[in-house]
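Undergrad: would you be able to build a 3D model of this:
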Amino acid sequence: MGIPAPVFNNEFSIIANLTWPGVNGEEVANSLNLKKMIFLNDFVANGYGVLSSIKEGDDYVKINENPVDPNGPIAMIGAGTGLGHGYIVKSEGSKYHSVYPSEGGHQDFCPKTDQEWRYFKFLQNHFGIERISLERACAGPALSLIFKFMIAEGIKSERFKDACIDDKIIENEDIIKYGLSEECLISKNTIDFFNKIYGSAAGNMSLIIIPTGGLYLLGGLSYALESHIIEKTIFMVKKLLYCFIQFYNLSLIKYFFINNGIF
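TA: A predicted model of the protein is given here:
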């Protein structure tokens, strides 16, 4: 079973987005009368999915046409309820890959522009804490917060006028729907701003891993924003590839988008 938390000795606890007590696989198996219950980090489970017989078009699309090194490291990042990270490596001479989890989504959020600094301060005030993680700034729950931040920035919305006045919660589904269609300026600005941060996070992940075997974008929010990520230059050119323009050879990295909604 895939779990959005670190797993050690078949035990886990979730304290980031949910509050679950420590859970032991053997105890769960006994309580459910099962022979065995094995817990995996969710991005380890995703990694085995990436290594399975996924098909282009049905399961993934290529964002660019760069070549892939079949023996090179593979990176994964996915915006959903959290901001998952993971990576896959194949040792020299080995027949099989090994999949590893990462808690990179909990690294510091590092704003770069004046507007991102204002967003950083907005999040500090909202959560009442000093340290803001990348996951707080760039995952599913962050989308409505970015929407509220855009209201604070003075952007108006005729479609969501009541929410702007009464501080009502706007569902991610509506933000994405009207943002992608560009029917609502504040929704469009929200997903543009989100993807700038997401693209930067993916670029940094690429710098850490140097995934010559490819970088895969996963997660429910990635899936919902598929057309925006693939068609717009905000994600790829302005943020993700900017890292390599400065530090690395662009021709070595290939980017994939998992588009079947299962991962």
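
Undergrad: ok, and the closest non-adjacent residue to Asp42?
TA: Gly2 (4.0 Å; CB to CB, 6 or more residues apart in numbering). No exception for glycine: its C-beta is placed from N, CA and C like everyone else's.

Undergrad: tell me how many other residues crowd the one you found.
TA: 15 (other CB atoms under 10 Å).

Undergrad: thought it was touching Tyr48?
TA: No - here Gly2 lies out of contact with Tyr48, judged by CB atoms under 8 Å, at a distance of 9.5 Å.

Undergrad: which stretches of the stretch 51-200 of the chain have low pLDDT?
TA: Residues of the stretch 51-200 of the chain meeting the criterion pLDDT under 70: 161-168.

Undergrad: distance between stretch 132-150 and the chain's centre?
TA: 12 Å (CA atoms, centre = their mean, to the nearest Å).

Undergrad: pretty sure Gly80 contacts Pro141?
TA: No - taking contacts as CB under 8 Å, Gly80 lies outside contact range of Pro141: 10.1 Å.

Undergrad: neighbour count winner among the two?
TA: Neighbour count, other CB under 10 Å: between Gly80 and Pro141, Gly80 has more, with 19 against 13.

Undergrad: next, count neighbours for the closest residue in space to that one that isn't next to it in sequence.
TA: Spatially, and ignoring its direct neighbours in sequence, Gly80 is nearest to Gly219 (3.7 Å; CB to CB, 6+ apart). Residues lying near Gly219 (other CB under 10 Å) number 25.

Undergrad: for Gly219, give me its contacts.
TA: Gly78, Ala79, Gly80, Leu83, Gly84, Phe263 (CB atoms under 8 Å, 6 or more residues apart in numbering).

Undergrad: farthest-separated two in the residues you listed?
TA: Leu83 and Phe263 (14.3 Å; CB to CB).

Undergrad: how much space between Asn9 and Glu27?
TA: 12 Å (CB to CB, to the nearest Å).

Undergrad: let me redo that: Ile191
TA: Ile191 is 42 Å from Glu27, by CB to CB.

Undergrad: the two: who's more crowded?
TA: Comparing Ile191 with Glu27 by other CB under 10 Å, the one with more neighbours is Ile191, at 27 against 13.

Undergrad: please, which helix or strand holds the closest residue to the more buried one other than its chain neighbours?
TA: Once flanking residues are discounted, Ile191 sits nearest to Gly179: 4.0 Å by CB to CB, 6+ apart. Assigned by DSSP states H and E, Gly179 belongs to helix 172-180.

Undergrad: check which helices and strands that helix sits against.
TA: The contact analysis (3 or more CB pairs under 8 Å, 6 or more residues apart in numbering; DSSP states H and E) places helix 172-180 against helix 140-152, helix 185-209, helix 220-224, helix 226-231.
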